[in-house]
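# generate a structure from the sequence data that follows.
(one chain, ligands or ions: 1)
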Amino acid sequence: MRRLSNPAVTVTLILLVGTGIGVFAPTLLPTIPKVQAANVTIVLSGCVFACPNVGWNGTTSSPNPTITVTRDDMISLKLSSGDTISHRFLIDVDGDGGQYQDDCPAVDPCSSLFATTPTTYIFQVTLTPGTYTYYCALHPLQMVGKFIVNPDLSVGGTTRPANKVGLLVASAGPALAILGAIGATVLYLRRSTSRKATPQEQEHV
Ligand SMILES: [Cu+2]
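The predicted structure follows:
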């Protein structure tokens, strides 16, 4: 079999193969879904007196859980008292401690006081992404945990489709067309080069 020595043919093949890789690559690479704000329900029970553990969710084996949300999430915080005494949820945004409520809720998002009657505190996370501390304003030493705000990368944009099968189908048409063009080009070149033997080669026949 003769070798393809024409530079133009080589360049054409490289361009075609490169185009094919360009079409396939977005499909083969993993898609990283963007984070999107959502409605989030969080349940916390305050307990510092005669409970299994002391703290938020002291009625469970894992008190003071780390709460992780996304900026712009709409939080529905269901609050109850596990020991019937009063509690108050507060996120310490300005870092002055959980017991100071004079800037609540303008600076530090906070719930109303609750005791025997549960309450639901609804608020949107507009805080700068970062790690904050949440407290019970009445028991800041015992009822304290981390409140982490992650950035919302979907702000101002649209989320990417996570349907990889759909992406594959969408890319398959153009990719197959390019592969077909590559195959047809190779066949054509093989035929044309086998027909056009050089005078030197003809002498050797
Ligand atoms: Cu409390």
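# C-alpha from now on. contacts and neighbour counts both.
Fine.
# which pLDDT value belongs to the residue of the chain found nearest the ion?
For the chain, the residue closest to the ion is His87, as judged by Cα to the ion, at 3.6 Å. Note for His87: predicted pLDDT of 97.
# mind listing what it touches?
His87 sits next to 46, 81, 113-115, 136-139 when contact means Cα atoms under 8 Å, 6 or more residues apart in numbering.
# one more: Asp92?
98, 108-109, 132-135.
# what do you get for Asn150?
Asn150 neighbours (Cα under 8 Å, 6+ apart): 68-71, 129-130.
# kindly recompute the last result at 6 Å.
Each residue near Asn150 by Cα atoms under 6 Å, 6 or more residues apart in numbering is listed here: 70-71, 129.
# among the residues you listed, which one sits closest to Val93?
Among those, Pro129 lies closest to Val93 (Cα to Cα), at 11.2 Å.
# of the contacts of His87, list those near the ion.
Restricting the contacts of His87 to those touching the ion (Cα under 5 Å from the ion) yields 136, 138-139.
# who wins for most neighbours among the contacts of His87?
Most neighbours among the contacts of His87, by other Cα atoms under 10 Å: Gly46, with 31 neighbours.
# ok, that residue touching Asn53?
No. Counting by Cα atoms under 6 Å, Gly46 does not reach Asn53; the two are 10.2 Å apart.
# now for these two: what residues contact both?
With contacts defined as Cα under 6 Å, 6+ apart, no residue is adjacent to both Gly46 and Asn53.
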